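# take a look and give me a structure for this.
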Amino acid sequence: MTEKECEHHHDEDEKMRKLIGAVVLGFLAVVLFVVFLVWAILHPHGPRFVLQDATIYAFNVSQPNYLTSNLQVTLSSRNPNDKIGIFYDRLDIYASYRNQQVTLATLLPATYQGHLDVTVWSPFLYGTTVPVAPYFSPALSQDLTAGMVLLNIKIDGWVRWKVGTWVSGRYRLHVNCPAYITLAGHFSGDGPAVKYQLVQRCAVDV
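Okay, here's the model as predicted:
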């Protein structure tokens with residue numbers, strides 16, 4: 001084979017490689033465009049959480065700056081999408097007061113939520129002699145004197161979307177449910193529990 005024929009053969013190989021590369025890139029672009037188009041048409045909405053009720057078993061502060069809070073909450077989540085399912089991979093739920101976590105995080109069971117489905121959880125939240133900030137005790141005393149305490153039931157976790165057989169990557173989920181609890185005095189945990197019907201819609205950020 002002459003030098004000229006070799007150069008011609010090399011040029012043909014180079015053109016073939018460029019053609020194959022262009023075809024692959026074009027195919028990937030089409031696939032990504034279709035996925036984006038389907039995603040844009042379906043337009044997934046985040047789940048809607050509602051805090052249904054809260055049962056208080058204990059809620060009191062002791063010196064020096066320790067809080068005990070034991071409660072059970074019932075909350076529901078609804079998938080508002082009629083063509084998209086939701087995987088809840090990991091959900092940690094806990095109670096906070098004045099931006100401070102006052103119970104241990106409870107892990108909710110992983111679950112799949114189908115189109116327009118509703119899921120209900122009723123976890124127990126425990127926080128025994130949890131150390132709190134110095135300002136916490138007088139602030140709680142003021143709230144108890146006023147007869148109302150604002151607790152926030154929060155959820156941190158991960159969700160995935162399911163469209164047909166396609167499943168998305170994980171997205172961070174933050175849920176904040178305000179619970180206005182009317183308390184007359186301190187709960188010691190020895191007396192009867194008090195249940196509050198709340199039906200409070202939660203703020204959801206995905």
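# now do the host helix or strand of V204: everything it contacts.
For V204, the host element (DSSP states H and E) is strand 203-205. Under the contact criterion Cβ atoms under 8 Å, 6 or more residues apart in numbering, strand 203-205 has outside partners 46-49, 173-177. Just so you know, the C-beta spots here come from the backbone N, C-alpha and C atoms, and that holds for glycine as well.
# convert stretch 145-153 to CSV, retaining C-alpha atoms only.
Taking C-alpha atoms only, stretch 145-153 is exported to CSV below (Å, rounded to 0.1, in the frame of the first residue of the first chain):
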residue,chain,number,x,y,z
THR,A,145,-48.3,30.9,81.9
ALA,A,146,-49.9,32.0,78.6
GLY,A,147,-51.4,28.6,78.3
MET,A,148,-50.0,27.7,74.8
VAL,A,149,-46.8,26.2,73.5
LEU,A,150,-45.7,26.0,69.9
LEU,A,151,-44.0,22.7,69.0
ASN,A,152,-42.7,22.0,65.5
ILE,A,153,-42.9,18.5,64.3
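# thinking again about what came up before, flag every buried residue along the strand holding V204.
V204 (16 or more other Cβ atoms under 10 Å).
# if I look at V204, how far off is Q52?
To Q52, V204 is 16 Å away according to Cβ to Cβ, to the nearest Å.
# again, but for T106
Separation of T106 from Q52 (Cβ to Cβ) stands at 16 Å.
# likewise I20?
59 Å.
# of the two, who's got more company?
Q52 (16 against 10; other Cβ atoms under 10 Å).
# low-confidence regions, this protein specifically.
1-15, 34-43, 184-191 (pLDDT under 70).
# make it 80
By pLDDT under 80, the low-scoring segments of the chain are 1-22, 31-43, 61-64, 135-137, 141, 144, 183-192.
# for it, what spans make up the helices?
Assigned by DSSP state H, the chain shows helices spanning 3-42, 136-146.
# the protein: strands as residue ranges?
48-62, 66-78, 85-97, 100-101, 106-108, 111-113, 118-121, 124-131, 149-163, 166-167, 171-181, 194-201, 203-205 (DSSP state E).
# distance to L140 for these - can I get that in CSV?
Formatted as CSV, the strands of the chain follow (distance: least, Cβ to Cβ, whole Å):
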stretch, distance to L140
strand 48-62, 5
strand 66-78, 7
strand 85-97, 7
strand 100-101, 11
strand 106-108, 22
strand 111-113, 35
strand 118-121, 27
strand 124-131, 12
strand 149-163, 7
strand 166-167, 44
strand 171-181, 12
strand 194-201, 17
strand 203-205, 23
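# show me what contacts A133?
With Cβ under 8 Å, 6+ apart, A133 has these contacts: 65, 100.
# residue contacts, D53?
73-74, 195-199.
# hmm, try it at 6 Å
With contact set as Cβ atoms under 6 Å, 6 or more residues apart in numbering, D53 has these partners: 74, 197-198.
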